[in-house]
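S.K.: Test case, fold it:
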Amino acid sequence: MFFGRSLELLEIAQFLRGNQSVSLVGPPGIGKTSLLLQLTRPRTAAEIGLWNGSLVSYVDCVALEEESSQGVFHHFAAMLMVEMESRSLPQEVELRKAIASPSRLAFESAVRALNRRGVQVVFLLDHFERLNSNPRVDLPFFNALRSAAGRFRLAYLTATARPLIDLTYSGRSGEILSSPFFNIFTPLHLGLLPEEDARDLIQKPAQRTGRPFSTDLSNFLYGVAGGHPLILQTACCHAMECPDDRVGIEERTIREIKPYIENIWRNLTAIEKRTLLGVVGISFSNVVAESDAAVLGRLERQCLLIQENGKYESPGKVWMDFLTRQSPPSETAPAGDIPGH
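M.R.: Residues are numbered from 1 along each chain as shown. Got it, this is the predicted structure:
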């Protein structure tokens, strides 16, 4: 079951149909993988115009973090074959050749052959950080991906926790930074669910079980988690088990989600931590006057702050409970490492 993201799905589909590659960016746990998998589902793909005339293939780049360039091209071709077989499409000889003897030229020949059959190729590259950090792929590899997208009906949708431009500074050589591959994407940020979609996520699964949540319980769950899909689903699972134990729901949710939140907190910079602790409950005008607007923007994009009733607020009680237990870092505290996926 998938809830919300209708506007994002339509926007992504519009770009991809126009052969425009898209970079989907959002913090861990916000639902990037779920959205990519939703794009592969026949009903959704048909509704947004990515079924007839498009071959959409999901690739988890975790499986490619140690592959050679040749191995990556083999995997791409193999995943296209899997998708074709799942849809009972006629076999493509050039695709079989690209699997048997993988190379850049063989991969391009396969894409060209599919294009001649009226089929656009779309790759959904999940956890793209893992491929970007692979020491066995180099500048020619990324240039090859860029070249193929420019010459064929081929588009990419990458999913990352950080913008692609940031990834080029994450320890790779200066050569990778110079690749034009990273300049072909339209960025799209994935944030918290709007309240209407969040309430659908709360109510509809429970309704389907024949044990609907009361309005009061739904309000409680939304207050605990806000529009964060991972935290919200965790809270709802505990509510299904003990709907009358509000204290227990909250405590179990906090306990289960604690490692996730601690990881996010650990990887914030010292200035981000201080800002996050200092602005909750403060009006916009006072905050902007005293805080770095760029830092505030990053915290909002990481779904750690929301703007509500003229103030900055925590996105849910789980996060607020965590923040009240933290002490501001010292001025000399080292910056955190931003998570790679």
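S.K.: In contact with the residue lying closest to residue 232 once chain neighbours are set aside, which residues?
M.R.: Nearest residue to residue 232, sequence neighbours excluded (Cβ to Cβ, 6 or more residues apart in numbering): residue 225, at 4.0 Å. Placement of C-beta: from N, CA and C, glycine included. Applying Cβ atoms under 8 Å, 6 or more residues apart in numbering to residue 225 gives the contacts 198, 231, 232, 234, 235, 253, 316, 317, 318.
S.K.: repeat for residue 306
M.R.: Counting by Cβ under 8 Å, 6+ apart, residue 306 has contacts 192, 226, 300, 312, 313, 314, 315.
S.K.: Over to it: give its phi and psi.
M.R.: The phi/psi pair for residue 306 (degrees, to the nearest 10) reads phi -130, psi 160.
S.K.: okay, it: pLDDT?
M.R.: According to the prediction, residue 306 has pLDDT 93.
S.K.: gap between it and residue 313?
M.R.: As judged by Cβ to Cβ, to the nearest Å, residue 306 and residue 313 stand 5 Å apart.
S.K.: And for residue 104?
M.R.: 50 Å.
S.K.: Please state the backbone phi and psi of residue 105?
M.R.: Backbone torsions of residue 105, given as degrees, to the nearest 10, read phi -70, psi -40.
S.K.: residues touching the nearest residue to residue 229 once chain neighbours are set aside, list them.
M.R.: With Cβ to Cβ, 6+ apart as the criterion, residue 229 has its nearest non-adjacent residue at 4.6 Å, and that residue is residue 31. By Cβ under 8 Å, 6+ apart, the contact set of residue 31 is 5, 190, 229, 230.
S.K.: Among those residues, name the buried ones.
M.R.: When the contacts of residue 31 are checked for burial by 16 or more other Cβ atoms under 10 Å, the buried set is 5, 190, 229, 230.
S.K.: where's residue 197, which helix or strand?
M.R.: Assigned by DSSP states H and E, residue 197 belongs to helix 195-208.
S.K.: From the rest of the structure, what touches that helix?
M.R.: By Cβ under 8 Å, 6+ apart, the list of residues contacting helix 195-208 reads 1, 3-5, 192-193, 212-213, 218, 221-222, 225-227, 229, 232-233, 236, 239-240.
S.K.: try it again with 7 Å
M.R.: The contact list for helix 195-208 (Cβ atoms under 7 Å, 6 or more residues apart in numbering) reads 1, 3-4, 193, 212-213, 218, 221-222, 227, 229, 232-233, 236, 240.
S.K.: Buried subset of these as a ChimeraX selection?
M.R.: Burial among the contacts of helix 195-208 is assessed by 16+ other Cβ under 10 Å; the matching ChimeraX selection reads:
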select :3,4,193,213,218,221,222,227,229,232,233,236
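S.K.: Help me confirm that residue 270 comes into contact with residue 327.
M.R.: No: with contact defined as Cβ atoms under 7 Å, residue 270 and residue 327 do not form a contacting pair (11.9 Å).
S.K.: Who does residue 126 form a beta bridge with?
M.R.: According to DSSP bridges, the residues that bridge with residue 126 are residue 60.
S.K.: Now for it: which residues touch it?
M.R.: Residue 126 touches 33, 36, 58, 59, 60, 61, 159, counting by Cβ under 7 Å, 6+ apart.
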